[in-house]
Every structure is written in structure tokens, then in C-alpha cells.
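*Asks:* coordinates only, sequence not included:
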């Protein structure tokens, strides 16, 4: 069974640009969440999608947005990039988002210059 | 504010030298405590979920325990391949994927 797939693996952007990251969950998983990981702040929750609806949101500015498609694949978008947005962006999936464990992808490493 | 604190930040052991990692938490309502392992360049890999005080889970050389205020990850006779960052996280909303993570403990096992 394939795991959570995130593309691209690495990305370099400049300040002011926007970026879109993609996540394909494990087959059958309907819940997808996104996390930002930095050396200073650790792992921080961005948002969660279930059945194409945002179910929970973390404390990030409106420049961070996401969506989920009918096949459960998800994308997150960051507009007007800032240097502080440089981080590893991790996607995680689970069946329903209840008591199940989260399965993480390997992440997209974003560098903002 | 919900908070998860892990200690120590880094731990270096000799192969075979047992030790414990600590995760203390202050949350409004615990809906599960999770332990993950993360290797460099990879996403976190699930190890254990604990739900109630007194619960214990074991897997190979690892054993996780839970009290009302903290959790311990005991590692017995570790091997170099156990070297990784170990992350603790709590779920505070029933049925949600929102986890609050600690900063992690970077564990190095020397042969």
C-alpha cells in the first residue's frame, strides 16, 4: 500500500512569490492535515480537511490556505512568501480523523530567498 | 494554553545503555498522546498512542507509559539504528487531526 505522497520534494522561491504544494493521501483515507516544521517552532498545525471541507485551522495568517478534492488529494497554497515561511511542510492522512493515528509524508522542503 | 514539553533536548547513549525520554503536558483535555520517531529528511513515523493514565505500550526495545501529567518513552538496550528524533504530541480535540507537538528529543546511540 503506497504511503502519503508529497510533491515537490524541494522548492526554492523568492520573497513575494506564491507556492502550491501537493499531497496524495493513503488510498481510502479521507482526512488530510498539514503541518509546518521549523527548527525554532517545531511542528505546528496548519489545517485539516475532511470530505473537501476545512474542519480545523491553526494560528497561521490568511496567506496560508488549502483545499481538498473529491479524491481526497489536497493542496496547500502560500501567497506573498516571506523569509520566515522557509520550512518543511508535512502532510498527514488518516481514515476519518477520529482516534486513528496519522500517517505522515516525507514533506516538501521550501526555501524562500 | 495547551503546551507539550520534552526533555532532554538531546541525549547521547552508548549501545546497550538504557534510558528514558520525558514528555510533560498541560492541556485542557487529553484525547490521546502520541509518540513518533523522525529520521533526518523524513516525516514522523508513528510509534504509540496512549489514552489513559496507567496505560503502557511496547514495541521491540521501546515502551511508552502515561500518567496524568506526563509520558515516558523508555528505551532498553538501544542499538545505533534507534538514533532519531523522538516526538511527543497530544490530541486535544475529539475526532480531529490537530496535534500539539513537543520540540522533540534528539537521540544518538553510539556503537
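*Replies:* Received it, and whenever you're ready, just let me know what you need. The structure displayed is predicted, hence computed values, not measured ones.
*Asks:* which residue ranges form the strands in chain A?
*Replies:* Along chain A, the stretches classed as strands by DSSP state E are A:5-7, A:10-13, A:19-24, A:31-38, A:42-50, A:53-57, A:64-68, A:74-78, A:87-94, A:103-104, A:108-112.
*Asks:* closest point of chain B to chain A, which residue?
*Replies:* residue B:43 (3.4 Å; C-beta to the nearest C-beta). C-beta here means a position set from N, CA and C on the backbone, and glycine is covered the same way.
*Asks:* What pLDDT does the model give residue 1?
*Replies:* No chain was given, so I picked chain A. pLDDT recorded at residue A:1 is 67.
*Asks:* actually it's chain B I care about, not the one you picked
*Replies:* For residue B:1, the predicted pLDDT is 79.
*Asks:* Same check on residue A:97?
*Replies:* Model confidence at residue A:97 (pLDDT) stands at 63.
*Asks:* Same question for residue B:35.
*Replies:* Per-residue confidence (pLDDT) for residue B:35: 97.
*Asks:* how about stretch B:12-21, does it reach chain A?
*Replies:* No: on the criterion C-beta under 8 Å from any C-beta of the partner chain, stretch B:12-21 is out of touch with chain A, staying 15.1 Å away.
*Asks:* In that stretch, which residues are buried?
*Replies:* Across stretch B:12-21, burial judged by 16 or more other C-beta atoms under 10 Å in any protein chain shown covers B:13, B:21.
*Asks:* Identify the residues contacting it?
*Replies:* B:6-8, B:11, B:72-80, B:86, B:88, B:105, B:107-111 (C-beta atoms under 8 Å, 6 or more residues apart in numbering or on different chains).
*Asks:* Start and end of that stretch, how far apart?
*Replies:* Distance across stretch B:12-21, first residue to last, is 12 Å (C-alpha to C-alpha, to the nearest Å).
*Asks:* ok, back up a step: just give me the neighbour total for the residue lying closest to the residue of chain B closest to chain A once chain neighbours are set aside.
*Replies:* Excluding its sequence neighbours, the residue lying closest to residue B:43 (C-beta to C-beta, 6 or more residues apart in numbering or on different chains) is residue A:104, at 3.4 Å. Residue A:104: 24 surrounding residues under other C-beta atoms under 10 Å in any protein chain shown.
*Asks:* correct me, but residue A:104 touches residue B:39?
*Replies:* No: Residue A:104 is not in contact with residue B:39 according to C-beta atoms under 8 Å; the separation is 11.5 Å.
*Asks:* Right, I'll call it a day here.
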